[in-house]
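Q: Provide a 3D model corresponding to the input given below.
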Amino acid sequence: MSIPLRGAVIVVTGASSGIGRATAHAFAGHGARLVLAARRALPLEEAARDCRDRSGTAAIAVPTDVADAAAVEALAATALEEFGRIDIWVNNAGAGVIGPFAEVPLALHRRTIETNLMGALHGCAAALPAMLRQRRGLVVNMASMGAWAPTPFAAAYAASKFGIRGLSASLRAELGDRRGVHVCAVFPAIVDTPGVTAHAANFTGREVTPDAGPILAAEAVAEAVLRLARRPRAEVAVGWPSMAAKLAYALAPGLTERAGGAMMRAALRRAGRAPRTEGALMRPIAEGTGTGGGIRSASAQASAQRGGTGRMLGLALGGVALLVGAEMAARRFAA
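A: Sure, this is the predicted structure:
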């Protein structure tokens, strides 16, 4: 099934910045009609205006907290009232807290789960009834490479993303006889967005700056979402560290856990000190409205050469995958 994008009605959550805003731009470039959702009204309206300027078609802003089931139902109702259908729904809104699990307030862990996993569940519950009536539609759930392998110091985030993978797979199995309705999941590696640099809560007491090695642009993830409209697939990885995470944890879970934890602890010990912050997790903040977070800038690259947590985790996962692959090859040769 391929959904013609010109004139299609597409709902994107988390659209005020980062991957969501880049995804809205990408669909607008193909003439889609957009319903954009996020907590922040002003940058959301700016994103909708950008889309109208790009496509000349309709784009509306609907301020929404995806953790609120009633608000997400109202979002779907608005899309149906305005345009009469929902062709694609992108559950992209995300949040997270990094820090030692026992030192992070429980409320921040809970909010991470509510935004990421419950937000996706609320979106599926709001979108699928309309798609089933139409006998056609696509739901895209934004997972993470953290849905394939552990994410040390971000346990609630990993739990929410593991949950999104399970939610997506279970819905696909349930809807196997509804051939026009698809549920897909996207698994990006670390992405340069304000969600990483400004919005994430940080309780490590250290600067958490991914380096510019295997860091993706938000637009790369948006293109992956766009391709799913043309050719739906169950699961799509974006970036080699994501595939490395999947392979490493599937083949050597214990080694992956030990390597990932050790590398993250080492990176945090070397990082400079920083105040603890809730970021935008509990309430919206003004900072961070673009698609990028500045990680890929020259200055970020220079500082990251001193050891970024993002590269350390990516290298750890890649190294584990290579080690396991070499060991398996040696065993086959010996046999």
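Q: Extract the C-alpha set from the helix or strand containing Ser242 and format it as PDB.
A: Using DSSP states H and E, Ser242 falls within helix 240-251. Output of helix 240-251 as PDB, limited to C-alpha atoms (Å, rounded to 0.1, in the frame of the first residue of the first chain):
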ATOM      1  CA  TRP A 240      24.300   2.300  11.800                       C
ATOM      2  CA  PRO A 241      24.400   2.500  15.600                       C
ATOM      3  CA  SER A 242      20.800   1.500  15.700                       C
ATOM      4  CA  MET A 243      21.500  -1.700  13.700                       C
ATOM      5  CA  ALA A 244      24.600  -2.300  15.800                       C
ATOM      6  CA  ALA A 245      22.400  -2.100  18.900                       C
ATOM      7  CA  LYS A 246      19.900  -4.600  17.500                       C
ATOM      8  CA  LEU A 247      22.600  -7.000  16.500                       C
ATOM      9  CA  ALA A 248      24.700  -6.700  19.600                       C
ATOM     10  CA  TYR A 249      21.900  -7.300  22.100                       C
ATOM     11  CA  ALA A 250      20.300 -10.100  20.100                       C
ATOM     12  CA  LEU A 251      23.600 -12.000  19.900                       C
END
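Q: would you list every one of the helices in the protein?
A: 18-28, 41-55, 69-83, 106-113, 119-134, 155-174, 194, 218-230, 240-251, 253-270, 298-304, 309-334 (DSSP state H).
Q: Tell me which of those lies nearest to Phe203.
A: Relative to Phe203, the nearest member of the helices of the chain by Cβ to Cβ is helix 106-113, separated by 7.5 Å. In this view, the C-beta of every residue, glycine as well, is placed from N, C-alpha and C.
Q: Can you get me the centre-to-centre distance for the closest one and its chain?
A: Here the centre of helix 106-113 is set off from its chain's centre by 17 Å, with Cα atoms, centre = their mean, to the nearest Å.
Q: What of stretch 267-283?
A: The mean C-alpha position of stretch 267-283 is separated from the chain mean by 20 Å, Cα atoms, centre = their mean.
Q: For it, buried residues please.
A: Ala267, Leu268, Ala271, Glu278, Gly279, Ala280, Leu281 (16 or more other Cβ atoms under 10 Å).
Q: distance between the ends of that stretch?
A: Taking Cα to Cα, to the nearest Å, the first and last residues of stretch 267-283 lie 29 Å apart.
Q: model confidence over that stretch, on average?
A: Averaging pLDDT along stretch 267-283 yields 94.
Q: Please apply the same query to stretch 242-253.
A: 93.
Q: ok, now stretch 24-42?
A: The model assigns stretch 24-42 a mean pLDDT of 97.
Q: so how far is the helix holding Ser242 off the chain centroid?
A: 17 Å.
Q: buried sites along it?
A: Pro241, Ser242, Met243, Ala244, Ala245, Lys246, Leu247, Ala248, Tyr249, Leu251.
Q: Same question for stretch 171-187.
A: Leu171, Arg172, Leu175, Val181, His182, Val183, Cys184, Ala185, Val186, Phe187.
Q: next one: stretch 219-233
A: Glu219, Ala220, Val221, Ala222, Ala224, Val225, Leu226, Leu228, Ala229, Pro232.
Q: show me the contacts for the most centrally placed residue in the chain.
A: The chain has Met142 as the residue nearest its centroid, 4.2 Å off, counting by Cα atoms, centre = their mean. Counting by Cβ atoms under 8 Å, 6 or more residues apart in numbering, Met142 makes contact with Gly14, Ile19, Val90, Asn91, Asn92, Gly94, Ala120, Ile164, Ala185, Val186, Pro188, Val221.
Q: got CSV for these, with pLDDT too?
A: Listed next are those as CSV, based on pLDDT from 0 to 100:
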residue, pLDDT
Gly14, 98
Ile19, 98
Val90, 98
Asn91, 98
Asn92, 98
Gly94, 97
Ala120, 98
Ile164, 98
Ala185, 98
Val186, 98
Pro188, 97
Val221, 98
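Q: And stretch 263-271, how far out from the chain middle?
A: So, by Cα atoms, centre = their mean, the centroid of stretch 263-271 is 24 Å from its chain's centroid.
Q: ok, how many other residues are close to the residue lying closest to Met118 once chain neighbours are set aside?
A: Excluding the flanking residues, the one nearest Met118 by Cβ to Cβ, 6 or more residues apart in numbering is Ala67, at 5.9 Å. Using other Cβ atoms under 10 Å, Ala67 has 20 neighbouring residues.
Q: quick revisit: which one of the helices of the chain lies nearest to Thr289?
A: helix 41-55 (4.1 Å).
Q: Mind giving me the packing neighbours of that closest one?
A: helix 18-28, strand 33-38, strand 59-63 (3 or more Cβ pairs under 8 Å, 6 or more residues apart in numbering; DSSP states H and E).
Q: Can you say which of the helices of the chain is packed in most?
A: Counting by mean count of other Cβ atoms under 10 Å, helix 18-28 has the highest mean neighbour count of those, with a mean of 28.
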